[in-house]
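A.B. asks: Let me see the structure of the following:
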Amino acid sequence: LLEEFKNSEKSNDSIKRNIESKTNELLDTKEKITSAAAQIAAMEDRLKELTNNRQVSSGLKSELEAKLKEADAAWHDMMEKEGEVTSDITSREEKLKTLSSDESKLLAKYEADNRAFVSDKARLKLLQDLESRKEGYQESVRRLFNEVGSNSHGIVGVIGDLISTRKEYETAIEIALASAIHNVVTKTEKNAADLIDVLKSKRLGRVTFLPIENIRPRSVDRNIEAACSRKHGYIGVASDLVDNPKEIDDIVSNLLGKILICETMEDARVIAREASHSLKVITLEGDCINAGGSLTGGSVRRDSAGILGRAREIEALKEKLVKTEQELSVAEAKRQELDEQTGDLKREVEQLNEQLKYFAMERVKAESEYRNVASRLEELESGIVDSEKLMHDISADKLKLQDDLDELNQIVKETEGELSDFREDILR
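C.D. replies: Below is the predicted model:
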C-alpha cells in the first residue's frame, strides 16, 4: 500500500508538473492570441485607412486628370493661336514688303514722270514763245505781226501756222511749200492791200498775201494721178497729206495740189517719167524732181526750221502734258493709298505683335500648369500604386496572422482539453 501510495504521489506530482507546464503554455498561447488579434485589428484599421485614402486619391486623380486635360487643351489652344498670329504677322509683313516695293517703283516712276513733265512744260513754253514771236518766219512777217497783231485787218494766219501734217511728211511738205510757208492768208484782197500799205508806211519789208477770195485751187489730172499711184513708193498728192481749216482748202490746193509725194529718189524718177515731168515730185527726205525734169536735192537748209513740226510738237506736248498730269495725279493718289495701306498694315502688325506676346505668355503659363498638374498626377498615381502594394502586403500579413490565430486557438482548445484530462486524473 505504501508503495502504491508513493507511486501515486509520484504520478500526481508528474501530473501537476504537466498541468503547470500546460497552463504556462496555455497562458503563453493566449498572450500570442491577444497579440495576434491586436495586430490583426491594427492591420484592419490600417487597411481601412488605406482604403479611405485610396478612395480620396481616386477622386483626386479624376480631378487632376480633368485638370490635365483642360491644361493640355489650353496649352495647345495657345500654341494654335500663337501660330495663327505668327502666320498673320508673316502674311502682313510680306504684304508690307510688296507695298514697299510697289511704292518704290511708283515713286521712281513718279519722279521720272515729274522730271519729264517739268522738261516738257519748259519745252512747250519755249515753243509757244517762239510761236508767239513768229520765230523761223521771215523778218518782215514777224515785224508785220508785231505791228498789227494776228487778229486785225482780216488776217487768218500764216500758212506755216494754218496747216499741219504727220511728222514723216513734214520735210517733204516744207520743201513743197518753199517760201510760201511764210505767206499770210487774209480774208479779202482789200485786207491784203491794207496790210501792204502798213508794210510800206512802216518800212517793215515785203510779204506775200493770199486772199481767200482770190486764190483758186489747182489739182493733178486724174488720169495722171491714177497712173502714178500705181508706182512703187507713191504716197499721195501733197494737198491730201495736210490738215488745215476748211476755209483755206482752195489755197492749200493751189499751193500743194500739183505736187506728188513719194518715198525715195528712185521712186520719184519713175513717177516723174510717168507724169511726163509735168508735175513736181518730192521725196520724204526733201529731194525733188521739178516739173520740166530738173532735179533739186542734197542736204536741206532748214531756214523754216521746224515751222510745221513746231505746231505739231506744241499740240503733242499739250496732249502729253495733260496725260502726264493725269498720270501724276493718279500716281499721287495711288501713293497716298499705298501710304494708308502701309500705315494700316503696320498698325495691324503692332497689334498682332502685342497679341503674340500675350499668347506666348499664356502658352508658357498653360505649359507650366500642364507640367505641374502632370507632375502632381504622376506623384499621386505613384502613391496609389505604393498604397495598393502596401494594402496587398498587409492583407497577406493579415491572412497569415489569421491562420496563426486559428492555429493558436486550436492549440488553446487542445491544451485546455489536456488540462481537463490532467485534472480528472488527479481526482481519480
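
A.B. asks: Provide a list of residues in contact with Glu44.
C.D. replies: Lys398 (CB atoms under 8 Å, 6 or more residues apart in numbering). Using the backbone N, CA and C atoms, a C-beta is placed for each residue, glycine as well.

A.B. asks: Using the three-state scheme, assign it.
C.D. replies: At Glu44 the chain is in helix, as set by DSSP: H, G, I helix; E, B strand; the rest coil.

A.B. asks: Quick check: it vs Leu390, distance?
C.D. replies: Applying CB to CB, to the nearest Å, the value for Glu44 to Leu390 is 14 Å.

A.B. asks: just checking, Thr188 touches Leu210?
C.D. replies: No: Thr188 is beyond contact range of Leu210, at 11.2 Å (criterion: CB atoms under 8 Å).

A.B. asks: Can you pick out the residue with more neighbours from those two?
C.D. replies: Leu210 (22 against 14; other CB atoms under 10 Å).

A.B. asks: In terms of helices and strands, where is that one?
C.D. replies: strand 209-211 (DSSP states H and E).

A.B. asks: For whichever strand or helix holds Ser35, give the mean pLDDT please.
C.D. replies: Secondary structure assignment for Ser35, by DSSP H and E: helix 2-132. The pLDDT scores in helix 2-132 average 81.

A.B. asks: State the distance from Leu241 to Ile271.
C.D. replies: In this view, Leu241 and Ile271 are 15 Å apart by CB to CB.

A.B. asks: Which one's more surrounded, these two?
C.D. replies: Ile271 (25 against 19).

A.B. asks: quick one: that one is in a helix?
C.D. replies: Yes: Ile271: assigned to a helix according to three-state DSSP.

A.B. asks: wait, what's in contact with it?
C.D. replies: Shown in contact with Ile271 (CB under 8 Å, 6+ apart): Cys228, Lys231, Gly233, Tyr234, Leu260, Cys262, Val281.

A.B. asks: Tell me how far it lies from Tyr234.
C.D. replies: Ile271 sits at a distance of 6 Å from Tyr234 (criterion: CB to CB).

A.B. asks: Report the set of residues contacting both of the two.
C.D. replies: Counting by CB under 8 Å, 6+ apart, the residues touching both Ile271 and Tyr234 are Cys228, Leu260, Cys262.

A.B. asks: Between these, which sits nearest Arg206?
C.D. replies: Comparing the shared contacts of Ile271 and Tyr234 against Arg206 with CB to CB places Leu260 closest, at 30.4 Å.

A.B. asks: which parts of stretch 215-235 are buried?
C.D. replies: For stretch 215-235, a neighbour-count test (16 or more other CB atoms under 10 Å) marks Ile215, Val220, Ile224, Glu225, Cys228, Lys231, Gly233, Tyr234, Ile235 as buried.

A.B. asks: Following element in sequence after the helix or strand encompassing Ile224, please.
C.D. replies: Element membership of Ile224, judged by DSSP H and E, is helix 222-229. Proceeding N to C from helix 222-229, the next assigned helix or strand is strand 234-237, under DSSP H and E.

A.B. asks: who touches that following strand?
C.D. replies: Contacts to strand 234-237, defined as CB under 8 Å, 6+ apart, come from residues 169, 219-220, 225, 228-229, 241, 256-257, 259-263, 267, 271, 284.

A.B. asks: Direction included, what does it pair against?
C.D. replies: strand 259-262 (antiparallel) (DSSP bridges).

A.B. asks: from the chain's centre, how far out does the partner strand sit?
C.D. replies: 57 Å (CA atoms, centre = their mean, to the nearest Å).

A.B. asks: Could you export it as CSV, CA atoms only?
C.D. replies: Taking Å, rounded to 0.1, in the frame of the first residue of the first chain, the C-alpha atoms of strand 259-262 are listed here in CSV:
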residue,chain,number,x,y,z
ILE,A,259,2.8,118.2,-156.1
LEU,A,260,3.3,114.5,-155.5
ILE,A,261,5.0,112.9,-152.5
CYS,A,262,6.9,109.6,-152.7
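
A.B. asks: can you list contacts of it?
C.D. replies: Here strand 259-262 has contacts from 169, 172-173, 176, 220, 225, 228, 231, 233-239, 241, 268, 271, 275, 279-284, using CB under 8 Å, 6+ apart.

A.B. asks: 7 Å - rerun?
C.D. replies: Under the contact criterion CB atoms under 7 Å, 6 or more residues apart in numbering, strand 259-262 has outside partners 169, 172, 176, 228, 233-238, 241, 268, 271, 279-283.

A.B. asks: And for stretch 22-35?
C.D. replies: Identification of contacts with stretch 22-35 by CB under 7 Å, 6+ apart yields Leu405, Leu408, Asn409, Ile411, Val412, Thr415, Glu416, Glu418, Leu419, Phe422.

A.B. asks: Just the buried residues of it, please?
C.D. replies: By 16+ other CB under 10 Å, the buried positions in stretch 22-35 come out as Lys22, Leu26, Thr29, Lys32, Ile33.

A.B. asks: Serialize these to a markdown table and add fields for distance to Ile40.
C.D. replies: A markdown table is the format used below for these (distance: CB to CB, whole Å):
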| residue | distance to Ile40 |
| --- | --- |
| Lys22 | 26 |
| Leu26 | 20 |
| Thr29 | 16 |
| Lys32 | 12 |
| Ile33 | 10 |
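
A.B. asks: gap between Ile411 and Asp28?
C.D. replies: 10 Å.

A.B. asks: what comes into contact with the strand or helix carrying Ile196?
C.D. replies: Assigned by DSSP H and E, Ile196 belongs to helix 189-202. Residues from elsewhere that reach helix 189-202, judged by CB under 7 Å, 6+ apart: 140, 144, 147-148, 153-154, 186, 205-207, 209, 211, 213-214.

A.B. asks: now, the most widely separated pair of those?
C.D. replies: Greatest spatial distance among these (CB to CB): Gly205 and Glu213, at 24.6 Å.

A.B. asks: Please name the residues that touch the most centrally placed residue in the chain.
C.D. replies: Nearest to the geometric centre of the chain sits Lys95, at 3.6 Å (CA atoms, centre = their mean). By CB under 7 Å, 6+ apart, Lys95 lies in contact with Leu345.

A.B. asks: Right, I'll leave it there.
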